[in-house]
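Peer 1: sequence plus predicted model, see below.
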Amino acid sequence: MNHSIIETFYANLLEKVKSSPKRIAFPDAEDARVLTAVHALAYNKLAIPILIGNAKNIREMAHESQVDISTISILDPSEHISEVNISTLKTQIKSIDSDEDAKSMLQNPLYLACYRDWE
């Protein structure tokens with residue numbers, strides 16, 4: 001395959017991605033490799049990353065790894081529990097019977113990454 005065709009394809013792809021960056025949630029944000037990748041995505045305006053996990057641990061990991069995450073949102077599951085979110089979750093998922101089950105689910109970074117009502 002011609003090298004210029006690949007370069008053209010890649011340049012067009014980057015232009016399209018940068019013109020409409022999407023939000024991407026990272027439930028494994030307490031990992032230095034993930035923080036490095038997320039920084040690159042944000043810096044290059046390829047995505048709008050959201051880090052999910054213990055905010056203090058994420059900031060410490062970023063500091064230790066010398067990764068700047070100052071412009072990246074962090075969603076700490078422990079801070080995301082509210083009566084509104086519990087009620088919304090119980091409405092969305094009929095198999096959740098109790099507030100405790102809903103709270104447990106909201107504290108799970110993997111679930112929270114899929115949760116639609118982040119903001």
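Peer 2: That came in fine, so what should we check first? Residues are numbered from 1 along each chain as shown.
Peer 1: what's around the nearest residue to Ala40 once chain neighbours are set aside, how many residues?
Peer 2: Closest residue to Ala40 apart from its sequence neighbours, by CB to CB, 6 or more residues apart in numbering: Leu46 at 7.9 Å. From N, CA and C alone the C-beta is placed, and that goes for glycine too. Residues near Leu46, counting by other CB atoms under 10 Å, number 15.
Peer 1: got a list of what Leu46 touches?
Peer 2: Counting by CB atoms under 8 Å, 6 or more residues apart in numbering, Leu46 makes contact with Leu14, Val17, Lys18, Pro21, Ala40.
Peer 1: looking at those, which is nearest Ile58?
Peer 2: In terms of CB to CB, no member of the contacts of Leu46 lies closer to Ile58 than Ala40, at 16.3 Å.
Peer 1: what strand or helix carries the residue nearest in space to the middle of the chain?
Peer 2: Centroid-nearest residue in the chain, with CA atoms, centre = their mean: Ala25, separated by 2.0 Å. Using DSSP states H and E, Ala25 sits in strand 22-26.
Peer 1: now Val67
Peer 2: Counting by DSSP H and E, Val67 is found in no helix or strand.
Peer 1: what are the phi and psi values at it?
Peer 2: phi -110, psi 130 (degrees, to the nearest 10).
Peer 1: hang on, it packs against Ala37?
Peer 2: No - the pair Val67 / Ala37 is not scored as a contact, 9.6 Å apart, by CB atoms under 8 Å.
Peer 1: between these two, which one's more packed in?
Peer 2: Neighbours were counted for Val67 and for Ala37 using other CB under 10 Å; Val67 has more, 19 against 14.
Peer 1: for the more buried one, which residues are in contact?
Peer 2: Ala32, Leu35, Thr36, His39.
Peer 1: among the residues you listed, which are in helices?
Peer 2: Ala32, Leu35, Thr36, His39 (DSSP state H).
Peer 1: picking that back up, and of the contacts of Leu46, the nearest to Ala62?
Peer 2: Ala40 (13.2 Å).
Peer 1: so what pLDDT did the closest one get?
Peer 2: pLDDT for Ala40: 95.
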